[in-house]
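**Student:** return a 3D structure for these sequence lines:
(one chain, ligands or ions: 1)
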Amino acid sequence: MSEVHILVFPYPAQGHILALLDLTHHLALSGLTITIIITPQNLPILNPLLSTHPNTIKSLTLPFPSHPNIPPGAENIREVGNSGNYPFINALSKLQPQIIQWFTSHHNPPVALISDFFLGWTHQLATQLRIPRLAFYSSGAFFTTVATRCWHNPHLLHAPGIINFPEIPGTPSFKREHLPSVFLRYRESDPESELVRDSFISNASSWASIFNTFRALEGPSLDHIRAELGHPRVFSVGPLGSNRLDSDPNRGSEVLRWLDGVKEEGSVLYVCLGSQKLLKREQMEALALGLERSNTRFIWVVKKATTKQHVEEGYGLVPNGFSDRVLGRGLVVQGWVPQVAILGHNAVGGFLSHCGWNSVMEAMVAGVAILGWPMEADQFLNARLLVEDQGVAVRICEGADYVPNPDDLGRVVNEAMSVGSSQKRKAKVMREEATEAVSEGGDSCKNVDELVKTLVHLGAKEKQVVSKA
Ligand SMILES: O=c1ccn([C@@H]2O[C@H](COP(=O)(O)OP(=O)(O)O[C@H]3O[C@H](CO)[C@@H](O)[C@H](O)[C@H]3O)[C@@H](O)[C@H]2O)c(=O)[nH]1
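**Tutor:** Numbers count the residues shown, from 1 in each chain. This next block holds a predicted model:
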């Protein structure tokens, strides 16, 4: 085993786990030894990493702690939706004694902990273990500046009208309901809520912060965070994902073959609202009609209803006859597709997205225009960054329950997808920036190197302490 051993603790939600595993892959390629904390049902997500690095990456599989508001067997947010975050954060915090026990009996214990920002309580765990904790943010830096202010000012939950953030670069303002939804769920004096709030606040006390973002997109927010933290250990390492390991490389080949048959570059709109969002019947109908009226080629990834109630209410149901009416121009696919490969295909020029942060990063790398439909979580804040600050996106509508007008939707899609639209042009510029950032000598690439050096240095320090003892 290599001397330098790092403990990685991802948060069990698709939008959180993939980016941290991408980073873990980088760290393993740099020669670090890694243990990943996981619960049994999520273990298969690690398979590609574990089989690529059989000697350097191991899993520490711990049983998912039971919780009265989490159905037995559910170990991933995808199974419960975003409302499950409070119970999940609370339940996972119960793993501390087992982690401490594993750590203290290990012959080469980790010298640092890298954990998701939804697991802020691990700051206290790392303090007990006497190792530094690095908070990994699977969301953006701009979002983090706003969310941090919210957690420190819970009265904002009841603030009327528009809420201004004058201390944040760009002096943004938001409607209350567009603030981070994990914050909107906070209830003062409720013990579960208080643990969640303390947990988020602890992130800033952590030894370092790692962001899946890049300077050209979020320079002012990164500088602001660095200044507020009062130390330089803020690593922007994105966009991550270019080296993503796939457990099933043939998955989605039908979609890629369909794209191969499209002649015009950048003419296809890819429609996918993240790994979790299920649209209700009226939204499915409006989106279908809008796509039909847009006169644009498209691929629409539809998430299927899994509960009996959702099935009965027509959630995720593609309107009858739709696929036939758009035959040749549009492709409807159900389930999971290889998004990174699809966005990277020459034929794709636009992405109708909920503005989840991973999707944003992947769109930047691919240089495709974003047609945003923010719904919850950090998505309204991400949309503001993309539409108002950077001009790489257009907002087609907003809100988790909103039913768009099909004519308006069709028109905006048509405009944004037209050859040389301003969003398409800006997206190409951003692609250059994103590509440069992760290339040899680029800012994010240097940050990854710096991060590895820092971790190796921690290992060397630990060795000195052990040999002196
Ligand atoms: O069919 C699919 C659907 C999704 N993905 C991937 O799944 C990830 C989805 O992540 P994201 O776009 O961030 O959406 P969510 O899964 O909805 O992510 C949650 O977590 C993110 C990170 O904190 C937040 O930014 C989002 O708002 C929150 O909903 C991306 O890497 C996609 O490439 C696929 O590969 N195939």
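**Student:** may I see the buried residues of stretch 338-355?
**Tutor:** Within stretch 338-355, the residues scored as buried using 16 or more other CB atoms under 10 Å are 338-345, 347-355. Using the backbone N, CA and C atoms, a C-beta is placed for each residue, glycine as well.
**Student:** show me where the stretch 201-350 of the chain has helices.
**Tutor:** Along the stretch 201-350 of the chain, the segments classed as helices by DSSP state H, counting those that start in this stretch run 215-229, 253-260, 281-294, 308-312, 322-325, 339-343.
**Student:** can you put those helices in JSON lines and add distance to P10?
**Tutor:** Shown next, in JSON lines, are the helices of the stretch 201-350 of the chain (distance: least, CB to CB, whole Å):
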{"stretch": "helix 215-229", "distance to P10": "21"}
{"stretch": "helix 253-260", "distance to P10": "27"}
{"stretch": "helix 281-294", "distance to P10": "30"}
{"stretch": "helix 308-312", "distance to P10": "27"}
{"stretch": "helix 322-325", "distance to P10": "36"}
{"stretch": "helix 339-343", "distance to P10": "18"}
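**Student:** ok, S439 touching K446?
**Tutor:** No: the pair S439 / K446 is not scored as a contact, 10.4 Å apart, by CB atoms under 8 Å.
**Student:** residue contacts, A126?
**Tutor:** A112, L113, P132, R133, S206, W207 (CB atoms under 8 Å, 6 or more residues apart in numbering).
**Student:** now, of those, which are buried?
**Tutor:** Among those, those buried by neighbour count (16+ other CB under 10 Å) are A112, L113, P132, R133, S206, W207.
**Student:** so which of those belong to strands?
**Tutor:** Counting by DSSP state E, these place A112, L113, R133 in strands.
**Student:** now the helix-or-strand element of the chain with minimal mean pLDDT against helix 215-229, angle please.
**Tutor:** Here the helix or strand of the chain ranked lowest by mean pLDDT, DSSP states H and E is helix 443-468, holding a mean of 85. Orientation check (axes from the mean of the first three to the mean of the last three CA atoms, to 10 degrees): helix 443-468 against helix 215-229 gives 40 degrees.
**Student:** buried sites along helix 443-468?
**Tutor:** For helix 443-468, a neighbour-count test (16+ other CB under 10 Å) marks 443-445, 447-448, 451-452, 454-456, 458-459, 462 as buried.
**Student:** over to stretch 193-208?
**Tutor:** Neighbour counts over stretch 193-208 (16+ other CB under 10 Å) mark S193, L195, V196, R197, S199, F200, S202, N203, A204, S206, W207, A208 as buried.
**Student:** what mean pLDDT does it get?
**Tutor:** Averaged across stretch 193-208, pLDDT comes to 98.
**Student:** number of residues surrounding T171?
**Tutor:** By the criterion of other CB atoms under 10 Å, T171 has 9 neighbours.
**Student:** and it, backbone torsions?
**Tutor:** With angles defined as degrees, to the nearest 10, T171 sits at phi 40, psi 60.
**Student:** before we move on, back to that, could I get the buried ones among the contacts of A126 as JSON lines with distance to the ligand?
**Tutor:** Listed next are the buried ones among the contacts of A126 as JSON lines, based on distance: CB to the nearest ligand atom, whole Å:
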{"residue": "A112", "distance to the ligand": "22"}
{"residue": "L113", "distance to the ligand": "19"}
{"residue": "P132", "distance to the ligand": "23"}
{"residue": "R133", "distance to the ligand": "18"}
{"residue": "S206", "distance to the ligand": "17"}
{"residue": "W207", "distance to the ligand": "21"}
